[in-house]
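**Student:** here is the input, now give the coordinates:
(2 chains)
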Amino acid sequence: ETGVTQSPTHLIKTRGQQVTLRCSSQSGHNTVSWYQQALGQGPQFIFQYYREEENGRGNFPPRFSGLQFPNYSSELNVNALELDDSALYLCASSPGQGSLNSPLHFGNGTRLTVT
Amino acid sequence: AQSVTQLDSHVSVSEGTPVLLRCNYSSSYSPSLFWYVQHPNKGLQLLLKYTSAATLVKGINGFEAEFKKSETSFHLTKPSAHMSDAAEYFCVVSDRSSNTGKLIFGQGTTLQVKP
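**Tutor:** Predicted coordinates for the structure are as follows:
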């Protein structure tokens, strides 16, 4: 069983640029959630995708957007990067929309540094 | 609104001694609570979850947590710490006000295990 994989593992971008992060969900999982973890903080929910549709969003501006593909893999796009966007971005997949019987499986994250 | 508060940002124990990581929760619903662990440069791993079936929850690697409604607490314990337990621990509540099952994380507790 292949787990959740994220790419790239590390990324350095300049303020104002755009970035795309990628996530392959665990086999059999149709739901992907994205979290942002700033240094020294707990992860914060960005949004969730279920069957290729956005299914809920946290308190993040519209320049954070995403996609889910028919194979349930997902992308997180961030436009007009700001210094505060520097963080570890975690992707998590689950076999359902988030019931207690659908625990989240997390990838190892992408470390984004904005300079 | 739901939230969790981890009462200690850093806990240091000696190998072989008990571990206690404290967490209080606030929830207007019957809460779903979790503990996750994050090793350096790794994603999040589920240690255990409370789903209202039993107040004492056993997890992986010898960890357990007790749900105490009267104290609104969900403290994580382990009888004997191992060097490999050194990591960041997050107390988490599931947001039942949405259909995403999004997770709300505490700020984290760093567990240091001394030889």
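**Student:** is stretch B:48-66 positioned near chain A?
**Tutor:** Yes: with C-beta under 8 Å from any C-beta of the partner chain as the measure, stretch B:48-66 is seen reaching chain A through B:49, B:51. In short, each C-beta sits where N, CA and C put it, glycine included.
**Student:** residues in contact with A:Leu67?
**Tutor:** A:Leu67 is in contact with A:49, A:52, A:74-75, A:77, counting by C-beta atoms under 8 Å, 6 or more residues apart in numbering or on different chains.
**Student:** same check on B:Gln112?
**Tutor:** B:10-13, B:86.
**Student:** again, only this time at 10 Å
**Tutor:** With contact set as C-beta atoms under 10 Å, 6 or more residues apart in numbering or on different chains, B:Gln112 has these partners: B:10-14, B:81, B:85-87.
**Student:** pull up the pairing partners for the helix or strand harbouring it, direction included.
**Tutor:** Taking DSSP states H and E as the criterion, B:Gln112 maps to strand B:109-114. Paired neighbours of strand B:109-114 in the sheet (DSSP bridges): strand B:10-14 (parallel), strand B:87-94 (antiparallel).
**Student:** looking at those strands, which one has the lowest mean pLDDT?
**Tutor:** Per-stretch mean pLDDT for the strands paired with strand B:109-114 is lowest at strand B:87-94 (a mean of 95).
**Student:** would you list the strands that the next helix or strand after that strand pairs with, along with their directions?
**Tutor:** Beyond strand B:87-94 on the C-terminal side, the first helix or strand identified by DSSP H and E is strand B:103-105. Neighbouring strands of strand B:103-105 in its sheet, by DSSP bridges, are strand B:87-94 (antiparallel).
**Student:** buried sites along the strand it pairs with?
**Tutor:** Of the residues in strand B:87-94, B:87-94 count as buried by neighbour count, 16 or more other C-beta atoms under 10 Å in any protein chain shown.
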